[in-house]
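Engineer: What would the 3D arrangement of this be:
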Amino acid sequence: MNTRKVTRTLLQVVVMIAIFAALFWYIGVESLYEALLNIKVEYIVLAFLCYFGINLLFTFRLQRVLGKEGIKTSFGKTLLAQYAGMLTSDVTPGRSGYILTPLYLRDQNVPTSKSLSGILSIQTIEFLAKVAGGIGAVFFLIQVVPAENWQQFQAATGIDGLLLAGIGISLMLTGAILLAAITWSQRALNLFNRVANWRFLKRFAGGLVGKLEEFRESSQKNSKAIPEVIVLTLACWVLKGFEWYFLALALGISLGLSPFLTWLAFFLIHPLVTALGFVPITPAGAGVQEFGIVAILGLLVVDPAMAGALGAFAVLARGILILQDLIGVPKIVKSTSGIALSRTKPAEPASEMPIRKT
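Structural biologist: Model (predicted):
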C-alpha cells in the first residue's frame, strides 16, 4: 500500500470521526444512551428480519440476471457472495466495494465479465430507483415540513437540508447515467473506443476495449431480465420501508410525535438518505448518512427530547446492516486467500534444475 493511499484512508477516517463527534455533540451522548436502554427488542428483530428478506431478494435478483446468460448458481453460495459484497461496500468510500462481488462468485465458475455486467445492470436500475425515490422524498418533505422547521435546522447546524439532499441525489443520478451509458449504449462504447485508441492512451487503455466489448455482449443478454429486476428492486424498497418503520417503533418514534411518521414517510425518506452513503469522503458515507437521517427526521419530529432516539435510529440503521453482513466474512477470507495462493508460484524443485557441466 503506497503512502498516498494510506494518507487518503487516514484522512477519510479522521473526517468520519469528526462528523460522528459533531453528531453526538448535537444530539447529546446521554440522550443517545437513554434511547438505546429503552429500546423495544421485538421491533429490532422485525427490522433485522426485513433486512434478511432484502438480501434474499437481492440474491434471487442476481441469480435471475445470471440465468439470462445461461449460468446456473447455488442460491446458498450466491447468498454468501451477496453478503460478502455488501460487507465490502460497508467499508469502502462511495460503497464502491460491492463491485467486488464477481470475485466472490468465482467458486461457482461464474465468468467475471458476465457477473460484472449483471451487477452493473442491477446497480443502474437500483440507482435510478433511488433517484426517483429521493426526488419523491424531497417533494414529500417540502409539502409536509413547515418553512420555520427548515430555517431552525439551518440555524442550528449551518447546513441547508435541501442542498444536502440535492448533493446525494445528484451523485446517484450521475452514477446511474454513467452505468447506463457503459452498459447499454453502443455510442458510449464507440466513444470510449476512439479515446482508448488515441496514440498517447493506447498503450494504457487500448487493452480494455476487448474486455468492454465482451462486457457489452453480456449486458445485451441480461437486459432481458430488466422487468424482473425492476419488480424485485421495488419489493426490496418496500421491505426497506418496513425495516426503518420497525426500527422507528423500537425507539418510540411514531405517529404520536408527528402525524407524518407513517410507513410511507420511511419508504420515501430511505432512498433520499441512503443516497448520502455514496458521498465518497468517508467509508460508505459513514457519518454523512447518519447526520442526514437525524436532520431529515428532525424536520418531522420537532420534540428536542427525541434527539437521542433520532441519533440511535441513525446508528442502528447502519448497525443492523453491518452486523448481518458479517455473514460474508468467511466468503471474503476464502476468496482473498485464493487470490493470494494463485499469485504465489511454487519454487522449482532442486532435483529438476538443469545441471551445468564444467
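Engineer: Check what pLDDT Glu214 gets.
Structural biologist: pLDDT for Glu214: 53.
Engineer: Check the one 5 residues further on too.
Structural biologist: The predicted local confidence for Ser219 comes out at a pLDDT of 60.
Engineer: Could you do Ile327 as well?
Structural biologist: The model's pLDDT for Ile327 equals 93.
Engineer: list the contacts for it?
Structural biologist: The contact partners of Ile327, taken as CB atoms under 8 Å, 6 or more residues apart in numbering, are Leu80, Tyr83. Backbone N, C-alpha and C define where each C-beta goes, glycine included.
Engineer: by contact count, what packs against the host helix or strand of Ala18?
Structural biologist: Using DSSP states H and E, the element containing Ala18 is helix 3-27. Judged by 3 or more CB pairs under 8 Å, 6 or more residues apart in numbering; DSSP states H and E, the packing partners of helix 3-27 are helix 288-300, helix 307-325.
Engineer: got the contact list for stretch 44-64?
Structural biologist: Here stretch 44-64 has contacts from 73, 75, 78-79, 82-83, 86, 101, 118-119, 122, 225, 228-229, 232-233, 235-236, 239-240, 242-244, 246-247, 250, 316, 320-321, 324, using CB under 8 Å, 6+ apart.
Engineer: Can you pull out the low-pLDDT segments for the stretch 1-150 of the chain?
Structural biologist: Along the stretch 1-150 of the chain, the parts satisfying pLDDT under 70 run over 1-2, 5, 23, 26-28, 94, 149.
Engineer: Show me the helices in it, by range?
Structural biologist: 3-27, 29-37, 41-67, 75-90, 101-104, 112-144, 147-157 (DSSP state H, counting those that start in this stretch).
Engineer: what's the spacing between the residue most central in space within the chain and Gln289?
Structural biologist: Residue closest to the average C-alpha location in the chain (CA atoms, centre = their mean): Arg95, at 4.7 Å. Distance, Arg95 to Gln289, by CB to CB, to the nearest Å: 10 Å.
Engineer: Just put the helices of the stretch 1-150 of the chain in a markdown table and tack on distance to Ile293.
Structural biologist: As requested, the helices of the stretch 1-150 of the chain are exported to a markdown table (distance: least, CB to CB, whole Å):
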| stretch | distance to Ile293 |
| --- | --- |
| helix 3-27 | 10 |
| helix 29-37 | 13 |
| helix 41-67 | 14 |
| helix 75-90 | 16 |
| helix 101-104 | 26 |
| helix 112-144 | 12 |
| helix 147-157 | 13 |
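Engineer: now for these, which one comes closest to Thr174?
Structural biologist: helix 112-144 (9.0 Å; CB to CB).
Engineer: by how many degrees do that closest one and helix 41-67 diverge?
Structural biologist: Here helix 112-144 runs at an angle of 140 degrees relative to helix 41-67 (axes from the mean of the first three to the mean of the last three CA atoms, to 10 degrees).
Engineer: List the buried residues in helix 112-144.
Structural biologist: Neighbour counts over helix 112-144 (16 or more other CB atoms under 10 Å) mark 113-138, 140-141 as buried.
Engineer: Tell me who's in contact with Val273.
Structural biologist: Contacts of Val273 (CB under 8 Å, 6+ apart): Gly168, Gln289, Gly292, Ile293, Ile296.
Engineer: and with 7 Å instead?
Structural biologist: With contact set as CB atoms under 7 Å, 6 or more residues apart in numbering, Val273 has these partners: Gln289, Gly292, Ile293, Ile296.
Engineer: Just among the residues you listed, which is most surrounded?
Structural biologist: Within these, most neighbours by other CB atoms under 10 Å means Gly292, with 26 neighbours.
Engineer: didn't that residue look like it was pressed against Ala275?
Structural biologist: No: counting by CB atoms under 7 Å, Ala275 is not a contact partner of Gly292; they are 8.5 Å apart.
Engineer: buried subset of the contacts of stretch 44-64?
Structural biologist: 73, 78-79, 82-83, 86, 101, 118-119, 122, 225, 229, 232-233, 236, 239-240, 242-244, 246-247, 250, 316, 320-321, 324.
Engineer: that older thread, now the common contact residues for Arg95 and Gln289.
Structural biologist: Common neighbours of Arg95 and Gln289 (CB under 7 Å, 6+ apart) are Gly277.
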